[in-house]
Each structure stands twice: as structure tokens, then as C-alpha cells.
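1. Give the three-dimensional model of this entry:
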Amino acid sequence: MLPLPDLTTIRYTQVVWTALLALIIFRDRITLPTIIAS
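-> Numbering: from 1, shown residues only. Next up is the predicted model:
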């Protein structure tokens, strides 16, 4: 495993967390109206 520069690691982590948060928010926005409607 090659040692990554700190900047690359931080950048990658930032992208991953942003994607995870977007996924959670996106899922909640779909789930909430479904629960209220049913």
C-alpha cells in the first residue's frame, strides 16, 4: 500500500463524507413523505 499525501487523503475523505451525507439526506427526503402519506 502506497503512502498517500495528506492533501489527497483529506480530499478523498471529504468526497466520501459529502457523498454519504447526500445519500442520507436524499433517502430521508424520499422516506419521510412516504411515511406521512401511508
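
2. just for the protein, where's the confidence low?
-> Along the chain, the model assigns pLDDT under 70 to residues 1-2, 4.

3. Helices of that one, start to end?
-> Along the chain, the stretches classed as helices by DSSP state H are 6-37.

4. So which residue is smack in the middle of it?
-> Leu20 (1.3 Å; Cα atoms, centre = their mean).

5. can you pull the contacts of that one?
-> Contacts for Leu20 (Cβ atoms under 8 Å, 6 or more residues apart in numbering) come out as none. Every C-beta, even on glycine, is put in place using the N, C-alpha and C of the backbone.

6. how many neighbours does Thr9 have?
-> When neighbours are defined as other Cβ atoms under 10 Å, Thr9 has 11 of them.

7. In contact with it, which residues?
-> So Thr9 contacts nothing (Cβ under 8 Å, 6+ apart).

8. can you rerun that using 10 Å?
-> Pro3 (Cβ atoms under 10 Å, 6 or more residues apart in numbering).

9. any idea how far it lies from Val16?
-> Thr9 sits 11 Å away from Val16, taking Cβ to Cβ, to the nearest Å as the criterion.
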